[in-house]
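In: next one to model:
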Amino acid sequence: LTKASMVGTFTNFDFGSQVAQVLFDVWKDGEWKDSSTRFGDLLHIGSPSPDCVYGICDTAYPPELALLFIDNHDQQRQRWKPAKGGPPDSPIC
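Out: Predicted coordinates:
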């Protein structure tokens, strides 16, 4: 990790999983649990609190060297809209 950090930044692919585990509702004890009360935990991603209850609490990458890649894939969905011809006949684009 030290040698790699001398070359450049790290792409932190854990970030999406960390956001998802805070935002998405969970199935627990036979029912769905609303996640909206946990939204404040988004402020701790990258520097979690000691009482973190999530599956991914910390990251191997130093935050000052992490490059976050965020993409909601809107450009990929554009071609699936009816005005653009709709979804393809097969799932392979």
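In: select the helix or strand of this protein having the lowest average pLDDT value.
Out: The weakest-scoring helix or strand in the chain, judged by mean pLDDT, DSSP states H and E, is helix 74-78 (a mean of 62).
In: start to end distance for stretch 18-34?
Out: 17 Å (CA to CA, to the nearest Å).
In: residues touching it, excluding its own?
Out: Applying CB atoms under 8 Å, 6 or more residues apart in numbering, the contact partners of stretch 18-34 are Ser35, Arg38, Phe39, Asp41, Leu42, Ile45, Gly46, Tyr54, Gly55, Ile56, Thr59. C-beta here means a position set from N, CA and C on the backbone, and glycine is covered the same way.
In: so which of those are in helices?
Out: Within the contacts of stretch 18-34, no residue falls in helices by DSSP state H.
In: Met6: which of these is nearest?
Out: Thr59 (18.9 Å; CB to CB).
In: now tabulate the contacts of stretch 18-34 in TSV and tack on neighbour count, pLDDT and distance to Ala20.
Out: Shown next, in TSV, are the contacts of stretch 18-34 (neighbours: other CB atoms under 10 Å; pLDDT from 0 to 100; distance: CB to CB, whole Å):
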residue	neighbour count	pLDDT	distance to Ala20
Ser35	15	88	10
Arg38	17	85	12
Phe39	10	88	13
Asp41	19	84	12
Leu42	11	84	11
Ile45	20	76	11
Gly46	17	68	15
Tyr54	16	79	10
Gly55	8	78	10
Ile56	14	77	9
Thr59	18	69	14
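In: now those residues as TSV including distance to Phe13?
Out: Shown next, in TSV, are the contacts of stretch 18-34 (distance: CB to CB, whole Å):
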residue	distance to Phe13
Ser35	21
Arg38	22
Phe39	22
Asp41	19
Leu42	17
Ile45	13
Gly46	13
Tyr54	16
Gly55	15
Ile56	11
Thr59	10
